[in-house]
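*Asks:* Just need the structure, nothing else, for what follows:
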Amino acid sequence: MSPRSWSRIVLGLALYCGVFVVTCAVGGMAYFHFANPQNTCASCHEMTGVHSDWAVSAHRTIQCRACHGGALTLDVHALESHVDRIVRHFTGDPNKPVRLLEKHVQGLVDSCQRCHPQAYSDWQSSRHATTYARIFLDPEHNKTASPTDDCLRCHGMFYERDITELVSGTGTGGTWSLRDAARATQPAIPCLACHQVHAPSDATQTASFFDHRERAHFSASLLPVPAVYQGARPVKVSRDPRQRVCMQCHAPDATHQLGSSDDRTPAGVHEGLSCRDCHWSHTNSAKASCNACHPADSHCGIEVQKMDTTFLSPQSRHNVHTVACLDCHPGGIPAKKVASGSPADLP
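*Replies:* Sure thing, here's the model as predicted:
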């Protein structure tokens, strides 16, 4: 056989092998992209627990690829994540849990927007839709505080390194700066700060808190109810599990005293209420909350929305979260006014 014939045979075999390999690769990727997750993602023992959580979650009818990207995705971060899991399977600790990385969070937030456009729009209009720049480059705040790792408990909880690698500047000179300028517009409190994709579908567990130190979500039902005191008196705190998520950030300091740190625990005339009794989901607005519980006129005969509280004006000295009758009536609560000729005037 001539050398030319051998060359053709070798070239043909090479092309055949190449086509065979590509076909198998594409076929395998297509299988992993479209097949039942029970036979693909969950076939890896590292993913068994994650799959079990997903199977009882509100998202159990949605394929993994809808949020995480499939094998045929063009999303570089998703492909990188898939390859990383394969590498860790063969080279890493097989018992090491799968953790959500910051670089994957934005992709998941985009997935949230596709399926929950109204909730996403509401979140964007809220103060929780803040950015790294608005949190860490606030001159007024930075004049009174120094950067600490505890900042990341509520702002930037998905950041994976130390606070000193996020911002430069120490002391209270108001001169903090972000070491990575590209991070300035990224959300500091994304959807996943309060929601877990694989959270159980039970209505009392729809909220979860992502703990920066543990790098994991904790369902609201597992979070403790903080002890809050007004002096020596225990304050009644709502048992609403969702409030426990709020209180991971809006809670008293180590003294447990009402109103310390960024505490918003309802007290006074609102003691025992849940944050969600007044604040709407995602927008966090409380503008229409008074009408839900109060008549047009209060016990004093005054429209509650026009009372001197922080609901009416942020400059008021009466915080609506803790306002009490005695704050405005130190001499005692006046008797309720009754219109002349009403049934109350009759013998």
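*Asks:* So the residue lying closest to residue 166 once chain neighbours are set aside, which state does it fall into?
*Replies:* Distances taken as C-beta to C-beta, 6 or more residues apart in numbering place residue 159 nearest to residue 166, at 5.8 Å, with adjacent residues excluded. All C-beta atoms are positioned from the backbone trio N, CA, C, and that covers glycine. Using DSSP: H, G, I helix; E, B strand; the rest coil as the criterion, the local structure at residue 159 reads coil.
*Asks:* give me the number of residues near residue 159?
*Replies:* If you count neighbours by other C-beta atoms under 10 Å, residue 159 ends up with 19.
*Asks:* I'd like to know how far residue 148 sits from residue 100.
*Replies:* 23 Å (C-beta to C-beta, to the nearest Å).
*Asks:* Same check on residue 141?
*Replies:* Applying C-beta to C-beta to residue 141 and residue 100 gives a distance of 28 Å.
*Asks:* So for those two, which sits in the more crowded spot?
*Replies:* Taking other C-beta under 10 Å, residue 141 and residue 100 do not tie; residue 100 has more neighbours (17 against 13).
*Asks:* Surely that one is within a strand?
*Replies:* No: with three-state DSSP as the criterion, residue 100 is assigned coil and is not in a strand.
*Asks:* State the pLDDT value of it.
*Replies:* The model reports residue 100 with a pLDDT of 74.
*Asks:* Now do the same for the residue nearest to residue 166: its pLDDT.
*Replies:* At residue 159, pLDDT is 93.
*Asks:* Do I have it right that it meets residue 103?
*Replies:* No: contact criterion C-beta atoms under 8 Å: residue 159 and residue 103 do not qualify, at 11.0 Å.
*Asks:* Tell me the gap between stretch 130-137 and the middle of its chain.
*Replies:* Averaging C-alpha positions (C-alpha atoms, centre = their mean, to the nearest Å) puts stretch 130-137 16 Å from its chain's average.
*Asks:* residues of it that come out buried?
*Replies:* For stretch 130-137, the neighbour count (16 or more other C-beta atoms under 10 Å) marks 131-133, 135-137 as buried.
*Asks:* What of stretch 182-189?
*Replies:* In terms of neighbour count (16+ other C-beta under 10 Å), stretch 182-189 has its buried residues at 183, 186-189.
*Asks:* ok, residues contacting the helix or strand hosting residue 121?
*Replies:* Here residue 121 sits within helix 117-124, counting by DSSP states H and E. Contacts to helix 117-124, defined as C-beta atoms under 8 Å, 6 or more residues apart in numbering, come from residues 112-113, 129, 191, 280-283.
*Asks:* Hmm, which of those is lowest in pLDDT?
*Replies:* residue 281 (84).
*Asks:* OK, contacts around it?
*Replies:* With C-beta under 8 Å, 6+ apart, residue 281 has these contacts: 119, 122.
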